[in-house]
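>>> Sequence first, then the predicted structure:
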Amino acid sequence: MNEEPIINPACGHFERARVLLEQDRHAQAESELRRHILAEPDDATAHAMLALALSGQRKQREAVESARRAVGLAPTFPYAHYVLAWVYQQQDRLDEAEAAIDEAVRLDPEEADYFAVLSGVKLQRRRWREALEAAERGLYFEPEHVGCINLRAMALNQLGLSDEAAVAVEGALGVEPENALTHANRGWQEVHRGNYEQAMSHFREALRFDAELEWAREGVVEVLKARNPVYRLMLRYFLWSSRLSGRATWGLIIGFLVLSRVIRGAMKAKPELAPFLWPLYGVYLAFVLMTWVARPLFDLLLRLDPVGRVALSKKQVRASNWVGAALLLAISGLAVALLTGAPSFYMLAAGAGMMTMPIAGAFSADTPKAKKVLPVYAAVLGALALFAFVLSFYDLPLASIVGGLFFLGFFVYTWVANALTIPR
């Protein structure tokens, strides 16, 4: 039997908080809940709801503490574990989120909301089949659960079953036609199909219902950038690779590395083939670079567009600024090097150009470890490149050693970044 805390329905602060949470008025809900908790400090439901209010304000550390407090007060209360899982999921702490939601499902195996969180966690881990199964289990208990319908559609889309996904989204729109997430989901389906005008229509509709929906705003940005044919090709690759599991993604990375070595080996073994293979190798290198910098680079171009300028987030603007600055420095360094022949400026151009990848990686980090490690790693690489450049004016051999450390660190960076960002 579940140990559900007894709530006095006449409690004004608690009931007001419940309504405020439904209206996404998180700060006011927090205030009401804290007043309630002063009178009822052992109310696990109130602590769980406070975690939701805090998470809605991006006070993630406090949210985790409150959710854990709820679990501690009522260890067999499934809702407390559900909230803890939801808070962890917002922070991309997927191992902890999955453990918490598994416990909630164990305690109450017939609650669709719990299966929705479980499906969402599986999606973030690129376990498409498991995400589909979790969403369908939730729909078994609540056939019109819009969250599970949307998650089922996302999983189907990632499994390549786009027609079934479209039917699922249409069903969700039939149940709740003003649901912003459903319109955003439909928009991304159209992006996968290459129907950018229809996608933009659905993203705008999603933002009309929820102006803060980040997934819809990101869709608008991607559609605007897709007007450029080069980015459109990269977007097709990004969408295709997003369907791969973590293991398949690693296979793709290793495959690209093997291809690089094969091309270089062929050029060394048969120099007569070099004029034909060098262009192929150049295309390969350009493609690898674009997989890292395409998004911030085209964000930079999008800032010339009046609509795109508004759609970009502050983080995207900062990323485009830094990548643009590195590219400008690389071009300037190369220009000076060509005019003067000074090796120092060739070093500057190479270092600045290569820094675009770790800079882009630092801004695109989306896991807790990556957010901590990659910006620091990029800063260390940048410091090494700058030190090598300055040192080259005084001691070129020593500058070459420091530059060698930079190149080694750069090569290692690509593996570290992938290890921290590719889901297991």
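That came through fine. Numbering: from 1, shown residues only.
>>> Please make it C-alpha for all contacts and neighbour counts, starting now.
Fine.
>>> Which segments of the protein make up each domain?
10-105, 244-421 (automatic domain parsing).
>>> quick one: buried residues of whatever helix or strand Ile401 lives in?
Assessed by DSSP states H and E, Ile401 sits inside helix 396-421. Across helix 396-421, burial judged by 16 or more other Cα atoms under 10 Å covers 396, 399-400, 402-403, 405-407, 409-410, 413, 416-418, 420-421.
>>> cool, and stretch 296-312?
Going by neighbour count (16+ other Cα under 10 Å), the buried part of stretch 296-312 is 296-300, 302-303, 308-309, 311-312.
>>> Tell me how far Val380 lies from Ala362.
12 Å (Cα to Cα, to the nearest Å).
>>> now Arg264
Taking Cα to Cα as the criterion, Arg264 is separated from Ala362 by 30 Å.
>>> So which of these two has more stuff around it?
A direct count of neighbours by other Cα atoms under 10 Å for Arg264 and Ala362 places Ala362 higher, at 22 against 16.
>>> now Tyr394: how far from Ala352?
20 Å.
>>> ok, these two, which is more surrounded?
Between Tyr394 and Ala352, counting by other Cα under 10 Å, Ala352 is the more crowded of the two (24 against 10).
>>> Contacts only, for the more buried one.
With contact set as Cα atoms under 8 Å, 6 or more residues apart in numbering, Ala352 has these partners: 326-327, 329-330, 385.
>>> where does the stretch 301-424 of the chain have low pLDDT?
423-424 (pLDDT under 70).
>>> can you give me the helices in it?
In chain order, the stretch 301-424 of the chain shows helices spanning 306-311, 314-340, 343-364, 368-391, 396-421, with DSSP state H, counting those that start in this stretch as the criterion.
>>> Make JSON lines out of these and add distance to Leu21.
Rendered in JSON lines, the data for the helices of the stretch 301-424 of the chain read as follows (distance: least, Cα to Cα, whole Å):
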{"stretch": "helix 306-311", "distance to Leu21": "27"}
{"stretch": "helix 314-340", "distance to Leu21": "27"}
{"stretch": "helix 343-364", "distance to Leu21": "30"}
{"stretch": "helix 368-391", "distance to Leu21": "27"}
{"stretch": "helix 396-421", "distance to Leu21": "32"}
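>>> of all the ones you listed, which lies closest to Pro177?
With respect to Pro177, and counting by Cα to Cα, the nearest of the helices of the stretch 301-424 of the chain is helix 306-311 at 24.1 Å.
>>> got a list of contacts for the closest one?
With Cα under 8 Å, 6+ apart, helix 306-311 has contacts from 217-218, 220-221, 224, 302-303.
>>> Reformat these as CSV; add distance to Arg152 and secondary structure.
Converted to CSV, the contacts of helix 306-311 look like this (distance: Cα to Cα, whole Å; DSSP: H, G, I helix; E, B strand; the rest coil):
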residue, distance to Arg152, secondary structure
Arg217, 22, helix
Glu218, 21, helix
Val220, 23, helix
Val221, 25, helix
Leu224, 27, helix
Leu302, 33, helix
Arg303, 35, coil
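>>> Show the buried residues in those residues.
Looking at these with 16+ other Cα under 10 Å, the buried ones turn out to be 217-218, 220-221, 224, 302-303.
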